[in-house]
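Student: Below is the sequence, then the predicted model.
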Amino acid sequence: MIFETHAHYDDEAFDEDRDELIPKLLQEGIGTIVNVGASIASTKTTIALAEKYPKVYAAAGVHPSDVEELDEDGYLWLKEQAAHAKVIAIGEIGLDYYWVKEKEERKRQRYWFARQMELAKECALPVIIHSRDAAEDTLKVMKEVHAKDLTGVIHCYGYSAELAEAFLDMGYYIGIGGVVTFKNARKLKETVEKIPLERILLETDAPYMAPEPYRGKRNDSGKLIFVAEKIAELKGITSEEVETVTWRNAQALFQL
């Protein structure tokens, strides 16, 4: 059984077959799905999806690329959603400097990252952190808000094994998805080899980041078997062991 810790089934890429796909996945080896909000609008659709399917849970949060929509009213609304019975995390939140060079925009991202971390602390929920081209500032903000008092996952991990250790030392998990199957993912493979399996979570980021041999196509949780197999190969263990341990990891993080 596989625990899918990060998907976006409310995305328009699933509009044509969402109601057929999700039940099929849940019948064929995917035991639990965390659907993750990335904006106010997608947090609403994420919660609606979680309400529809017993084994689908929700994360409520605003992605760094969408924080320009956040204000105090939006923050209070997120706080209200965090009390929902199916909301089990705050996310995805964090920093994404890939497209953003302006100092003010980066400052805005850091502000709302910190505020949403504080929200998670107040609501006693784990966090799902997005960090792209922003390793130093991600760690800096986490230290400033005493992130050790929280727990969570660094989603779609893309930094070095050494930096992974810094996140592990703070009590966080590392989210591994389809990228680990790519031929040019040397750094990520080294990270998987070095960090304990007990700190790894399986994720797709569906509909994005499909693993080989489906790279470039629409992703879904059924393809996590390829991620588990690659992790097993790198660790010298069976894919069944990867599924079992990462399932326990996710249950512990999300308190299910």
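Tutor: Ah, there it is.

Student: Packing partners of whichever strand or helix holds residue 22?
Tutor: If you go by DSSP states H and E, residue 22 is part of helix 18-27. If contacts are counted by 3 or more CB pairs under 8 Å, 6 or more residues apart in numbering; DSSP states H and E, helix 18-27 sits against strand 30-36. Heads up, the C-betas are built off the backbone N, CA and C, glycines and all.

Student: so what strands line up beside the strand it packs on?
Tutor: strand 2-7 (parallel), strand 56-60 (parallel) (DSSP bridges).

Student: on that earlier part again, buried residues of the helix holding residue 22, list them for me.
Tutor: 18, 21-22, 25-26 (16 or more other CB atoms under 10 Å).

Student: likewise stretch 148-161?
Tutor: Neighbour-count burial for stretch 148-161 [16+ other CB under 10 Å]: 150-159, 161.

Student: Would you format these as a markdown table with distance to residue 8 and secondary structure included?
Tutor: Below are those laid out as a markdown table (distance: CB to CB, whole Å; DSSP: H, G, I helix; E, B strand; the rest coil):
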| residue | distance to residue 8 | secondary structure |
| --- | --- | --- |
| 150 | 23 | coil |
| 151 | 22 | coil |
| 152 | 18 | strand |
| 153 | 15 | strand |
| 154 | 18 | strand |
| 155 | 11 | strand |
| 156 | 12 | coil |
| 157 | 18 | coil |
| 158 | 18 | coil |
| 159 | 22 | coil |
| 161 | 27 | helix |
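
Student: which outside residues touch the helix or strand encompassing residue 48?
Tutor: Here residue 48 sits within helix 40-52, counting by DSSP H and E. Applying CB atoms under 8 Å, 6 or more residues apart in numbering, the contact partners of helix 40-52 are 8-11, 22, 35-37, 56-62, 69-70, 74, 77-78, 81, 84, 86-87.

Student: Only the buried subset of these, as a PyMOL command please.
Tutor: Burial among the contacts of helix 40-52 is assessed by 16+ other CB under 10 Å; the matching PyMOL selection reads:
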select buried, resi 8+9+10+11+22+35+36+37+56+57+58+59+60+61+62+70+74+77+78+81+86+87
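
Student: out of the strands paired with strand 30-36, nearest to residue 245?
Tutor: strand 2-7 (10.4 Å; CB to CB).

Student: what's the angle from the closest one to helix 18-27?
Tutor: 140 degrees (axes from the mean of the first three to the mean of the last three CA atoms, to 10 degrees).

Student: Average pLDDT for strand 2-7, rounded please.
Tutor: For strand 2-7, mean pLDDT is 98.

Student: Show me which residues of that strand are buried.
Tutor: 2-7.
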